[in-house]
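J.: test case, fold it:
(one chain, ligands or ions: 2)
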Amino acid sequence: MNPEIARYCQECNEYHSLDITPSLTELTCPHCQTKWGTITNPDDIFDYCPICQCRQFYLSKDFNQFLGCLVMLIGIVLVPFSYGLSLPVFALIDWLLHRRVPYIINCYRCGCEFRHFQTSRKFKPFLHHIGLKYDKYR
Ligand SMILES: [Zn+2]
Ligand SMILES: [Zn+2]
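T.: Numbers count the residues shown, from 1 in each chain. Ligands and ions are numbered 1, 2, ... in the order given. Presented below is the predicted three-dimensional model:
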């Protein structure tokens with residue numbers, strides 16, 4: 001899978017994701033072509049956020065994928081046959097959710113999401129005291 005950067009585009013007010021290829025340096029919205037930013041260091045994209053130049057990132061579960069699993073979960077729960085099975089089924093779903101929902105890396109300042117990037121950097125989950133610093137930008 002290609003790495004991708006996803007964010008809400010402020011111009012078209014929609015969530016879009018952009019495939020990042022090695023030759024790509026100028027990031028533009030795939031929908032309205034608004035410039036999002038520039039990749040200045042393709043070897044280490046997490047040196048600076050290409051969109052807002054922030055240097056801090058955090059790890060989170062991929063919420064979009066999580067929603068996908070949730071929809072699946074509701075589908076299963078609504079099947080009448082699952083009544084007697086609900087506990088083992090929920091245990092299974094819980095396990096699936098934890099296993100299947102991948103991690104993504106988020107920028108603290110602009111909130112953009114990085115998927116499928118290979119990096120040797122280690123990121124930590126969201127830390128509230130760091131998040132507070134960036135609240136004013138959101
Ligand atoms: Zn746009
Ligand atoms: Zn950013």
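J.: every contact and neighbour count from this point should use C-alpha atoms.
T.: OK.
J.: in the protein, where is pLDDT below threshold?
T.: Within the chain, the ranges that satisfy pLDDT under 70 run 63-69, 71-72, 75-90, 138.
J.: what's the distance between the most centrally placed residue in it and ligand 2?
T.: Central residue of the chain (C-alpha atoms, centre = their mean): Glu113, 3.9 Å from the mean position. Counting by C-alpha to the ion, to the nearest Å, the gap from Glu113 to ligand 2 is 9 Å.
J.: isn't that residue up against Tyr8?
T.: No. Using C-alpha atoms under 8 Å, Glu113 is not in contact with Tyr8, being 9.7 Å away.
J.: is Ile105 in a helix, a strand, or coil?
T.: Recorded secondary structure, Ile105: strand (DSSP: H, G, I helix; E, B strand; the rest coil).
J.: what residues are up against it?
T.: Ile105 is in contact with 57-60, 113-115, 123, counting by C-alpha atoms under 8 Å, 6 or more residues apart in numbering.
J.: repeat that for Ser60.
T.: With C-alpha under 8 Å, 6+ apart, Ser60 has these contacts: 103-106, 125-126.
J.: quickly name whichever of those is closest to ligand 1.
T.: Asn106 (19.1 Å; C-alpha to the ion).
J.: beta-bridge partners for that closest one, please?
T.: Per DSSP bridges, the residues bridged to Asn106 are Tyr58, Glu113.
J.: count the residues that sit near it.
T.: Counted with other C-alpha atoms under 10 Å, residues neighbouring Asn106 total 26.
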